[in-house]
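Chemist: what's the 3D shape of this:
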Amino acid sequence: METAGSASSHTSATLSLPPTAGLLSCRVLDTVHQPIRQAKFEVTDPIGRRIVSGETDPFGGLTAALPEGEYRLSVTAEGYAPFHGATLVGDPAQPGTGEIVLDAVEPPLLPAPGHWELDPAHSSIAFTARHIGFARIHGRFNTFAGAVRIADHMEDSSMHVIIDAASIDTRLRMRDDHLRSADFLDSARYPTVEFYSERFIHRGGSRWAVAGALTLHGVSRSVTLDTQYLGLGTGLEGEPRAACRATAELDREDFTLNWQSVLAQGIAAVGAQVEVELDVQIVHKA
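Modeler: This is a model prediction of the structure:
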């Protein structure tokens, strides 16, 4: 490992390892031997428990100090076929340094231009929020509808989703009634949550950003969905379908959902951050 000493010199530094540790080190490259930066890697033990994970550096390198033993190494990168293999750390016969070459894969075919409708029976809009600082509360909206207009150039496409705010469901009636009340969604006054986008931004491979305006509790804010396009398929009746997954993180206070109760220990009963996850299928409208 090297650290910059000046514009014209470098000072070498040695990584000191415990006696029982070994070094797993390699570079992740494409088929023309260019480094793949920010590839995700995960090291697991023989029964599948994660030991360490991270991303490759700007030179495609990954390094991890591990107890000597046998491991599984997985490397994934957007637009490339994943790598899964065994590695033995601490074996003198294996220097622990090498190269992993990932093959590029073609991104899935995009849906045909035209009008598509969201299929609620095969879609979900879910969310997760923190409760009393550490527990996670999971919920979903049961009633929603949406349409997507696929343009000749995918980047010019648009979508509009309408959610029935009163359909919120966390599997606890008392909590759901509170979430529908004026303390939170105030669904009697603001019956719908809406998302509208006219910006589809290709981030590479099957990754897209869908940027738009989310209107919640009568307040509109810019929101970007981090979206993975899953490809095309055919339904039971032969209808064309397309699918994607999308995530976003919201701050409920941005939408004036400011109700809060603080416990005796000073811990907020409900966290401000809300993670949203969408699994969506759309059907071509003839």
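Chemist: Give me the contacts around stretch 102-112.
Modeler: With Cβ atoms under 8 Å, 6 or more residues apart in numbering as the test, stretch 102-112 has contacts from 28-31, 36, 39, 75, 77, 79-83, 150, 154, 205-206, 229-232, 240, 242, 282, 284. C-beta coordinates here come from the backbone N, C-alpha and C atoms, glycine included.
Chemist: Distance across that stretch, terminal residue to terminal residue?
Modeler: One end of stretch 102-112 sits 30 Å from the other (Cα to Cα, to the nearest Å).
Chemist: Check the offset of that stretch from the chain's centre.
Modeler: Distance of stretch 102-112 from the chain centroid (Cα atoms, centre = their mean, to the nearest Å) equals 19 Å.
Chemist: Buried ones in it, by neighbour count?
Modeler: The neighbour-count check on stretch 102-112 (16 or more other Cβ atoms under 10 Å) flags 102, 110, 111 as buried.
Chemist: What average pLDDT does it get?
Modeler: Taken as a whole, stretch 102-112 has an average pLDDT of 89.
Chemist: how much space between residue 198 and residue 213?
Modeler: 9 Å (Cβ to Cβ, to the nearest Å).
Chemist: re the thing from before, identify, from the buried residues of stretch 102-112, the entry nearest to residue 278.
Modeler: Closest approach to residue 278 among those (Cβ to Cβ): residue 111, at 16.3 Å.
Chemist: which SSE is the closest one in?
Modeler: Using DSSP states H and E, residue 111 falls within no helix or strand.
Chemist: Residue 19 too?
Modeler: Counting by DSSP H and E, residue 19 is part of no helix or strand.
Chemist: what's the pLDDT at it?
Modeler: 80.
Chemist: how far away is it from residue 90?
Modeler: Residue 19 sits 10 Å away from residue 90, going by Cβ to Cβ.
Chemist: what about those two, which has more around it?
Modeler: Each of residue 19 and residue 90 has its neighbours counted (other Cβ atoms under 10 Å); residue 90 has more, 17 against 5.
Chemist: Contacts only, for that one.
Modeler: So residue 90 contacts 21, 22, 67, 68, 69 (Cβ under 8 Å, 6+ apart).
Chemist: Bridged to the third one, which residues?
Modeler: Each beta-bridge partner of residue 67 is listed here, defined by DSSP bridges: residue 21.
Chemist: What number of residues are in the vicinity of it?
Modeler: The burial count assigned to residue 67 is 13, neighbours taken as other Cβ under 10 Å.
Chemist: re the thing from before, I'd like the buried residues of stretch 102-112 written out as TSV, with distance to residue 62 added.
Modeler: Shown next, in TSV, are these (distance: Cβ to Cβ, whole Å):
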residue	distance to residue 62
102	13
110	32
111	36
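Chemist: where along the stretch 1-150 of the chain do the strands fall?
Modeler: 2-4, 10-12, 21-29, 40-44, 50-55, 61-67, 69-76, 83-89, 97-101, 114-118, 124-131, 135-141, 144-150 (DSSP state E, counting those that start in this stretch).
Chemist: Least reliable of these by average pLDDT, please.
Modeler: Looking at the strands of the stretch 1-150 of the chain, the bottom one is strand 2-4 with a mean of 37.
Chemist: Now do residue 100 against residue 28, distance only.
Modeler: As judged by Cβ to Cβ, residue 100 and residue 28 stand 5 Å apart.
Chemist: Overlap in contacts, these two.
Modeler: By Cβ under 8 Å, 6+ apart, the residues touching both residue 100 and residue 28 are 75, 83.
Chemist: Comparing those two, which shows the higher neighbour count?
Modeler: A direct count of neighbours by other Cβ under 10 Å for residue 100 and residue 28 places residue 28 higher, at 27 against 18.
Chemist: these two touch, right, the more buried one and residue 40?
Modeler: No: Residue 28 is beyond contact range of residue 40, at 9.9 Å (criterion: Cβ atoms under 8 Å).
Chemist: What mean pLDDT does stretch 223-230 get?
Modeler: pLDDT averaged over stretch 223-230 gives 96.
Chemist: What residues of it count as buried?
Modeler: For stretch 223-230, by 16+ other Cβ under 10 Å, it's 223, 225, 227, 229.
Chemist: before we move on, which element is the first one in?
Modeler: Element membership for residue 223, per DSSP H and E: strand 219-234.
Chemist: And the next helix or strand after that strand, what does it pack against?
Modeler: Later in the chain than strand 219-234, the nearest helix or strand by DSSP H and E is strand 240-251. Judged by 3 or more Cβ pairs under 8 Å, 6 or more residues apart in numbering; DSSP states H and E, strand 240-251 is in contact with strand 207-216, strand 219-234, strand 270-284.
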